[in-house]
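Engineer: Mind folding the following:
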Amino acid sequence: MRIAFIRTDFDPFGGAELFTQRLVESLIKKGVEVHFFARTWKGEQNSAIHMHQIGGPGSPSVLRQFWFVNAVKREVEKYSFDLVQSNERTLCQQVYRAGDGVHARWLELRCARFGFWRRLSIKINPFHCYLLWLEKRMFEDAALKAVIVNSNMVRKEITSRFEIEDEKIHTIYNGIDIEKFHPRLRKTEGAQLRQQNGVRDDELVILFVGSGYERKGLLPLLKAFAMSGVCGKLWVVGKGDVKKYQREARCLGIEDIVTFWGPQKNTPSFYAAADIFVLPTLYDPFPSVILEAMASEVPVITTVNSGAAEIIEQGKEGFVMSAPEAIEELVSYIEQLSNYKLRGEMAKHARMKVENFSMKKKSEETMQLYRTLISQNI
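Structural biologist: Below is the predicted model of the structure:
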């Protein structure tokens with residue numbers, strides 16, 4: 001079996017890329033010949049993957065995207081693949097994995113927070129206009145045989161906006177390595193990381209992991225942390241405008257108890273050192289970081305705009321906020337989880353729930369879909 005994957009810019013720290021990376025590794029172990037088409041990629045390259053670099057301009061964003069969509073189509077058509085899956089909005093795939101969700105929905109949620117002129121600037125932005133056109137064209141293209149969504153939230157967003165048969169859409173939740181993210185690390189790597197950073201046993205470590213601080217909801221978390229009465233520290237892992245949010249922390253009077261770690265390769269150690277995981281995201285189709293925290297036996301707090309909210313039973317594995325801006329609600333959840341007994345019970349439930357989301361299981365579900373599509377002579 002020869003399968004091609006498409007992504008404009010592959011960054012190993014991105015959630016969608018991490019899932020794809022794990023899926024690709026699983027496919028290779030099954031003897032699948034994997035090709036990857038991207039404009040750029042970072043990090044180490046797996047020698048078993050056939051990499052194809054697509055050139056083109058890096059800016060402006062609309063030209064970069066337009067160029068890539070057309071260039072990758074020409075390049076992919078030079079080869080014979082059993083299946084082409086794009087993780088990007090392109091026009092040459094039989095399978096699209098909507099790991100980034102629906103751009104139209106993201107713009108709606110984002111614009112709702114701004115004034116008239118800012119909303120207008122976003123709506124007439126050529127990049128957003130092109131993506132909206134491309135998204136509609138892609139979903140309603142008869143050549144598209146399957147769409148993989150990682151939450152039913154995204155499924156509903158697609159079927160409510162575009163003329164596409166529901167039968168084409170397949171919900172396959174993200175999967176993770178449940179042995180890599182494991183509670184046993186709490187007594188070793190987690191304890192060591194806490195000790196190295198002067199965290200006492202009676203102090204809480206609230207962890208945030210995400211790239212793109214605005215969309216992931218770091219500002220509401222900073223405000224809620226400042227308002228809460230808990231004794232602890234906030235650790236921020238991931239890429240973003242650090243200086244901007246350091247200023248926010250300073251204004252809130254919590255600069256000394258907030259640490260910005262930047263992107264980290266060894267994230268299991270951070271989960272193992274954490275007591276609570278919070279991601280008050282504005283929009284996220286299904287953040288794998290929620291699964292990683294749960295697998296590490298850490299109770300989670302997220303929002304209704306996160307696809308991962310579908311797998312959380314309120315008050316059992318964690319809490320789901322009614323909105324990203326529900327700061328008082330977030331304060332209440334953090335304070336409730338400062339209770340050691342409650343936190344421990346929820347942590348156990350979190351680990352039990354996530355054992356159904358192993359990478360092995362999810363890759364098997366994906367492979368079964370691939371086999372079905374190929375047998376139907378797509």
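Engineer: who's in contact with the closest residue to residue 175 other than its chain neighbours?
Structural biologist: The shortest distance from residue 175 to any residue other than its chain neighbours is 2.9 Å, reached at residue 362 (Cβ to Cβ, 6 or more residues apart in numbering). Yep, even glycine has a C-beta here, placed from its N, CA and C like the rest. With contacts defined as Cβ atoms under 8 Å, 6 or more residues apart in numbering, the neighbours of residue 362 are 23, 172, 173, 174, 175.
Engineer: Looks like the first one contacts residue 364 (just checking).
Structural biologist: No - under the contact definition of Cβ atoms under 8 Å, residue 23 does not touch residue 364, with a separation of 10.6 Å.
Engineer: Between those two, which has more neighbouring residues?
Structural biologist: For residue 23 versus residue 364, neighbours defined as other Cβ atoms under 10 Å are more numerous around residue 23 (23 against 15).
Engineer: so the more buried one is in which element?
Structural biologist: Residue 23 belongs to helix 15-29 when assigned by DSSP states H and E.
Engineer: after that helix, next one along is what?
Structural biologist: strand 33-38.
Engineer: in that following strand, what counts as buried?
Structural biologist: 34, 35, 36, 37, 38 (16 or more other Cβ atoms under 10 Å).
Engineer: quick one: it to chain centroid distance?
Structural biologist: In this view, strand 33-38 has its centroid 21 Å away from the chain centroid, taken as Cα atoms, centre = their mean, to the nearest Å.
Engineer: Pairing partners for that strand, with directions?
Structural biologist: Here strand 33-38 has these sheet partners by DSSP bridges: strand 2-6 (parallel), strand 50-53 (parallel).
Engineer: next SSE after it?
Structural biologist: According to DSSP H and E, the helix or strand after strand 33-38 is strand 40-41.
Engineer: List the strands paired with that following strand, with their directions.
Structural biologist: Strand 40-41 is paired, per DSSP bridges, with strand 9-10 (parallel).
Engineer: Tabulate the contacts of residue 362 in JSON lines, adding columns for distance to residue 304, secondary structure and pLDDT.
Structural biologist: Shown next, in JSON lines, are these (distance: Cβ to Cβ, whole Å; DSSP: H, G, I helix; E, B strand; the rest coil; pLDDT from 0 to 100):
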{"residue": "23", "distance to residue 304": "27", "secondary structure": "helix", "pLDDT": "80"}
{"residue": "172", "distance to residue 304": "21", "secondary structure": "coil", "pLDDT": "96"}
{"residue": "173", "distance to residue 304": "17", "secondary structure": "coil", "pLDDT": "95"}
{"residue": "174", "distance to residue 304": "18", "secondary structure": "coil", "pLDDT": "92"}
{"residue": "175", "distance to residue 304": "23", "secondary structure": "coil", "pLDDT": "90"}
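Engineer: right, and the pair among these with maximum separation?
Structural biologist: Taking Cβ to Cβ as the measure, these span a maximum distance of 12.5 Å, between 23 and 173.
Engineer: most packed of the strands paired with strand 33-38?
Structural biologist: Scoring the strands paired with strand 33-38 by mean neighbour count under mean count of other Cβ atoms under 10 Å gives strand 2-6 as the most buried, with a mean of 22.
Engineer: who's in contact with it?
Structural biologist: With contact meaning Cβ under 8 Å, 6+ apart, strand 2-6 is reached by 20, 24, 27, 32-38, 72, 76, 79-88, 90, 92-93, 370.
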